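Participant: Model the following, please.
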Amino acid sequence: MLAGAGKAPIDLEGVLPFDGFDAVRDPLHVRTVVLQNPDGSRACLLSVDATSMRDDAALRLAAAGVVGCAAERVWVTVTHTFSVPHVRTPEHLADDAERDRNVLLAERLAGAVHDACVAAMEDLVPVRFETARGRCSVNANRDVETEAGWWLGIDPSGFSDRSVRVARLVSVDHLRRTVATLYSVDVQSSMVQGLRDAEGRVLVSADLAGEASRLLEERLGGVAIFLVGAAGDQTPRVKGAGALPELGRILAAEVAATLTDAERLRVEAVELSRVAVPCPAQRRADFHSLAPTRSYEFVPDGTQDTLVSVARLGKLMVVGLQPEVDSAFGARLREACPGTLEVLTMVNGAQKYLPSAEAYDRITYEAMNSGFARGADEVLAAAILDLVKE
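Facilitator: Predicted coordinates:
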């Protein structure tokens with residue numbers, strides 16, 4: 001197989017101030033990996049420094065046009081940093097100036113995708129795949145019980161899958177250089193959400209994922225891509241701009257350390273597929289009404305499909321989910337299929353949360369802010385395990 005990787009900055013000059021953000025603390029990027037099968041067919045993974053991506057059609061087309069593949073063979077994911085402006089629905093914006101900045105942001109994202117894919121195509125070389133799994137220490141459970149009910153915080157004693165899963169693509173020529181490092185942790189990149197500078201301006205940041213990827217690229221070479229794991233109920237174990245450099249250094253070091261015991265993954269071709277899984281649905285609470293509570297009525301609302309994207313790489317099946325699932329959900333599936341299954345979220349769309357039964361019992365933020373009803377996690381887990389058996 002051939003692979004190439006690329007990286008391009010997202011230019012926010014002329015976009016800010018927009019969507020509550022005023023200035024840039026550290027730059028945002030698009031990172032991409034292109035895979036080419038022996039028959040010449042290609043696939044592309046895009047990672048965007050963004051919170052979520054509900055409508056990724058323009059980015060898919062931008063990537064597909066450069067890579068020379070169908071738009072369906074482009075996976076779009078985000079690093080889930082909370083410190084970035086969103087592309088908004090135009091009718092929800094206040095005036096023409098806001099709408100113009102919205103259009104400019106969308107154009108800049110598509111431009112960065114184009115540039116990253118051009119760099120990846122220019123970098124196509126024969127590669128081998130290596131995989132590794134190690135321990136990480138950066139995440140904690142974010143569901144905390146208060147007097148009024150369960151709410152968001154940091155609970156180191158709550159469940160967290162503290163593993164880091166890594167795949168590295170290494171050129172097979174005499175250089176043996178790292179083309180790309182892909183790493184996944186169950187954590188949301190949210191250390192500096194709401195950070196302001198001395199003048200009170202709200203700052204844009206790639207946050208924990210951006211810091212760790214930058215350090216890995218300096219250390220290992222190539223492009224380092226953070227992939228969000230089962231992080232619906234997870235948060236960084238510390239917050240704040242002062243802690244960001246150290247936690248980023250720790251995560252990068254833990255990723256690099258796992259690669260000392262990397263094993264070769266034999267991959268002849270990447271196979272992509274998708275399946276829609278109907279899950280029980282519920283009426284989602286109004287976001288602005290959310291607060292800790294001991295009493296809440298979950299109202300059933302039929303079913304809702306969720307898209308499961310599947311990439312088969314040799315014996316490894318990578319499952320990309322649209323909603324954010326709990327860390328325990330990902331751990332349960334990985335344990336059921338050790339070494340053969342990886343679970344990613346925020347892939348090819350966004351659907352908020354798909355929590356576990358315990359979240360509904362506790363009436364957590366994730367349970368109230370979900371369009372999926374109790375039991376959806378069991379339906380989705382069963383569907384994924386059936387795909388593994390197939």
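Participant: so where's the stretch 251-390 of the chain uncertain?
Facilitator: Across the stretch 251-390 of the chain, nothing is flagged by pLDDT under 70.
Participant: what about the helices in it?
Facilitator: With DSSP state H, counting those that start in this stretch, the ranges of helices along the stretch 251-390 of the chain come out as 327-336, 357-362, 365-368, 376-389.
Participant: Walk me through which strands the helix or strand containing residue 152 pairs with, and which way each runs.
Facilitator: If you go by DSSP states H and E, residue 152 is part of strand 149-155. Strand 149-155 pairs in its sheet with strand 139-146 (antiparallel), by DSSP bridges.
Participant: which other residues reach the partner strand?
Facilitator: Under the contact criterion CB atoms under 8 Å, 6 or more residues apart in numbering, strand 139-146 has outside partners 150-160, 162, 185-188, 231, 233-237, 292, 327, 359, 362, 364-366. Yep, even glycine has a C-beta here, placed from its N, CA and C like the rest.
Participant: And stretch 379-390, by the same measure?
Facilitator: 275, 277-280, 306, 308, 310, 317, 319, 321, 325, 329, 332-333, 336-337, 340-341, 343, 354.
Participant: Distance from the chain centre to that stretch, please.
Facilitator: In terms of CA atoms, centre = their mean, to the nearest Å, the centre of stretch 379-390 is found 21 Å from the chain centre.
Participant: in that stretch, what's buried?
Facilitator: 379, 380, 381, 383, 384, 387 (16 or more other CB atoms under 10 Å).
Participant: per-residue confidence for residue 174?
Facilitator: pLDDT for residue 174: 85.
Participant: show me what contacts it?
Facilitator: Applying CB under 8 Å, 6+ apart to residue 174 gives no contacts.
Participant: Assign it to helix, strand or coil.
Facilitator: With DSSP: H, G, I helix; E, B strand; the rest coil as the basis, residue 174 sits in coil.
Participant: Same check on residue 81?
Facilitator: coil.
Participant: Thought residue 50 was touching it, still the case?
Facilitator: Yes: contact criterion CB atoms under 8 Å: residue 81 and residue 50 qualify, at 7.2 Å.
Participant: Now the common contact residues for the two.
Facilitator: With CB under 8 Å, 6+ apart as the test, residue 81 and residue 50 both reach residue 28.
Participant: returning to that earlier point: mind checking which of the helices of the stretch 251-390 of the chain is nearest residue 85?
Facilitator: helix 365-368 (22.9 Å; CB to CB).
Participant: List the buried residues in the closest one.
Facilitator: 365, 366, 367, 368.
Participant: Sketch out the strands for the stretch 1-150 of the chain, chain order is fine.
Facilitator: Secondary structure of the stretch 1-150 of the chain (DSSP state E, counting those that start in this stretch): strands at 2-9, 23-24, 29-36, 42-48, 74-78, 125-135, 139-146, 149-155.
Participant: Mind listing residues that contact the fifth one?
Facilitator: Okay, so that is strand 74-78. 43-53, 56, 59-60, 63-64, 67, 227-228, 272, 309, 311, 320, 344, 346-348, 350.
Participant: domain assignment for this protein?
Facilitator: Split into domains by automatic domain parsing, the chain comes to 2-122, 129-265, 270-389.
Participant: Show me what the residue nearest the centre of the chain bridges to in the sheet.
Facilitator: Taking CA atoms, centre = their mean, the centroid of the chain lies closest to residue 228, which sits 3.4 Å from it. Assessed by DSSP bridges, residue 228 has beta-bridge partners residue 185.
Participant: What's the local residue count around the nearest residue to residue 354 once chain neighbours are set aside?
Facilitator: Spatial nearest neighbour of residue 354, chain neighbours left out: residue 323 (3.9 Å); criterion: CB to CB, 6 or more residues apart in numbering. Applying other CB atoms under 10 Å, we find 25 residues neighbouring residue 323.
Participant: Phi first, then psi, for residue 323.
Facilitator: The phi/psi pair for residue 323 (degrees, to the nearest 10) reads phi -80, psi 160.
Participant: can you check residue 217 too?
Facilitator: According to degrees, to the nearest 10, residue 217 has phi -70, psi -40.
Participant: hang on, isn't it packed against residue 223?
Facilitator: Yes: contact criterion CB under 8 Å: residue 217 and residue 223 qualify, at 6.5 Å.
Participant: neighbour-wise, which of those two wins?
Facilitator: Set residue 217 next to residue 223 and count neighbours by other CB under 10 Å: residue 223 wins out with 27 against 20.
Participant: Quick check: that one vs residue 46, distance?
Facilitator: 12 Å (CB to CB, to the nearest Å).
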